[in-house]
Structures are given as C-alpha cells and as structure tokens.
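Colleague: Next one to model:
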Amino acid sequence: MADNGNQIHEVADHGHWDHWSSVANSENRKKNAGHIKQTKFKSILESNNLDKKALKILSIGPGDGILDEILVKESQLDVTLYYAVDPVETEYHSKLEENVKTWKVPYAIEKKSFNENYSPPQNILVTYPDGSTESLKENDQNGRNEEVIPGERFVSSSDMIQGAIGMFDVILMASVLYYVDYPGLTIQNARSMLSQGGRIIIFNQTEEVGAELYALMAQTSSIEFREQTSNYALSHLGIIRELDDLNIPYKCEINKDEVLCYDVTDYLKNGTPLPYFSFQTQKPFEKWTDEQRRGIYEIVEKRSFVSEKGRNLLPEDIATIVVGSMN
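Modeller: All right, here's what the predicted structure looks like:
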C-alpha cells in the first residue's frame, strides 16, 4: 500500500456481544446498521465543519432511500439540494421519490447511470417541498437559455454547474461500488464534483464474511454467473488499493459493533439459511450446490463466535472511507 498519509483505524465495541435478541432479526440489524452509519456520518460532518452548513448532497446509489432517510432527514440537516443518481438501472426510483418527498428538502432524482464517465445532464428538474419545480438548463451561446417551462422557475446554466452539479458538499456512496467496473475512477470522477472542503463518504463491507461468501460462490459457479452478477466480493481493501494506485488520499475506519451481527445459531445447528446469505451470494439457497453449501457453512463457522448467552453470532463489520476535495 502506498504511503500517502492515508489512515486506517478500527473502532470496536465488544462490551455487550450477548445482546443477540436485538440483532437476530435482519430488519433490526438493517436499522441498527443505519444508525451506526448515521453516527459516523454526523461525526464526519462535524469534524469537517459541515454540520452547520447549508448542504448540497449527491447520493450515488441510494436505492429506496431508507438509509439516506436516516442520514439526511433524521440528522435534521440544512439541505439546499438532495440529488440522487444510481450506478445501474434500478426499480427503486418511484419508491425513492416517494420517500424523499416526505423529507421536505429540494431534490432531483436522475435515472442516468453514474460511473467513471458520468457527466452532469443538460436539464435537471428540482422539486421543492411546496411542490413547485425548478428547471435547471444549460446555457445557449448567448449565455442564457430563454426557454421556460410553464409553472417552473428558471436558473441559468452557470448556477446549475456551480451550484447544483459542480459543487456538492457531501457525496454519499453506501454499498454501491460493487456495481461499477472501476471503483477508483468512479470515486475520482465524483471527487471532481466536490466543493472546497467537501467530503465523499463511502460505506462498504470489509474483507471478511460478506466478501468471502460471494467470492466462494463466484469461484464455484459458471462464467455466466460471474458475468451476470455484481462484484459483491469487493471489500474496503479493494477500494483503498484503487485509491492508492490513483494517489487519492483517504481515511478509513472499521466499525465493529454487536448490532452488526447476524444470529446464525439455527443455521449452524440445522442448516436453516439466513436471507442475507442468498442476498450476498446472489443465488437462492435452494440453487446452491453441495460444494457451495459446505463452503458457505465453513466460512460462517470459522467467522462466527459464541456470545455470553451461548448464541452463535456472525459479525459483518462496516468500513467507512472518507475522501476529501481536491482543493
């Protein structure tokens, strides 16, 4: 790893691993993980003097918006624009918009894919809490596009590029870099859209457990499976290797917390799988081969531990990677 001043820290909270009842349910874990990310998110904003600022936020890969609702709405931030774009085609746009409308912030949701070649669109429609809309359009050669859509407010392209698209204070990437071919270049592209002092905040799985499950499935499946699925074996180490190669400075912290565990007691006793396994391996449990079932079992058995209550818990730690602006 290149020595460019980058920092990797581990933060552990192993004091109450026996609280298995609160983490046995995957929905509980999802909510708990969301609030752990919220705590980290707010800490990053505070340490970079962004918590009191009116923020323009770009969220890459927000899905249905459940996590962003915790990060943005529940954190009670002063948001002047929430802009959402996905790295791939998704069925979540309508659900996302339904959620974002309740946040009472100006927003725009784009269906164009975000990757290393992404460029801002020429026409953006921002919706305000009162239901009014603002069409942000590219200038013509005279420096102003006079076309105004009835019922919509108009702003020039200079406002669009410098205000809405070119200068984001916060860019979120939560468990999304699996879906792009070049994570490092995608981050580099996003970095060019940060305002001075802005931050990219990336949440991703670590090397152990989640990445291992998909890696085993990919290694023991057909080429077609690997071509048709996303790289769920991408861990935080894969991301920071690419950042090092591009000489992009970052800070990385690993959060280990009891509420990030899955209760795998029943699975280890009788083979009853967790829905998480099918999600992470991108293959339904009933389609696993005997070799794959044995391999997944061995990973889970190796990585799990016994709590004080006698439950088998499988941790899935969260890596937080922070990248600063170029100026």
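
Colleague: Against which helices or strands is the helix or strand containing Asp169 packed?
Modeller: For Asp169, the element it lies in under DSSP states H and E is strand 168-174. On a contact count with 3 or more Cβ pairs under 8 Å, 6 or more residues apart in numbering; DSSP states H and E, strand 168-174 meets strand 55-60, helix 66-68, helix 183-191, strand 194-205. (C-beta placed from N, C-alpha, C; glycine too.)

Colleague: now for those, which one comes closest to Lys256?
Modeller: strand 194-205 (12.7 Å; Cβ to Cβ).

Colleague: Now that closest one - C-alpha only, PDB.
Modeller: The C-alpha trace of strand 194-205 is given here as PDB (Å, rounded to 0.1, in the frame of the first residue of the first chain):
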ATOM      1  CA  LEU A 194     -16.900  18.300  -4.600                       C
ATOM      2  CA  SER A 195     -16.900  21.800  -3.300                       C
ATOM      3  CA  GLN A 196     -13.900  23.100  -1.400                       C
ATOM      4  CA  GLY A 197     -13.800  21.300   1.900                       C
ATOM      5  CA  GLY A 198     -16.400  18.800   0.800                       C
ATOM      6  CA  ARG A 199     -16.200  15.100   1.500                       C
ATOM      7  CA  ILE A 200     -17.100  11.800  -0.200                       C
ATOM      8  CA  ILE A 201     -18.300   9.300   2.400                       C
ATOM      9  CA  ILE A 202     -18.200   5.600   1.400                       C
ATOM     10  CA  PHE A 203     -19.800   2.800   3.400                       C
ATOM     11  CA  ASN A 204     -18.700  -0.700   2.400                       C
ATOM     12  CA  GLN A 205     -18.200  -4.200   3.700                       C
END
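
Colleague: so what strands line up beside it?
Modeller: Strand 194-205 pairs in its sheet with strand 168-174 (parallel), strand 318-324 (antiparallel), by DSSP bridges.

Colleague: now the angle from that strand to helix 183-191?
Modeller: Here strand 194-205 runs at an angle of 150 degrees relative to helix 183-191 (axes from the mean of the first three to the mean of the last three Cα atoms, to 10 degrees).

Colleague: any idea which helix or strand comes after strand 194-205?
Modeller: helix 210-219.

Colleague: ok, which stretches of the stretch 1-150 of the chain are strands?
Modeller: For the stretch 1-150 of the chain, the strands defined by DSSP state E, counting those that start in this stretch occupy 7-13, 55-60, 79-85, 107-110, 123-127, 133-137.
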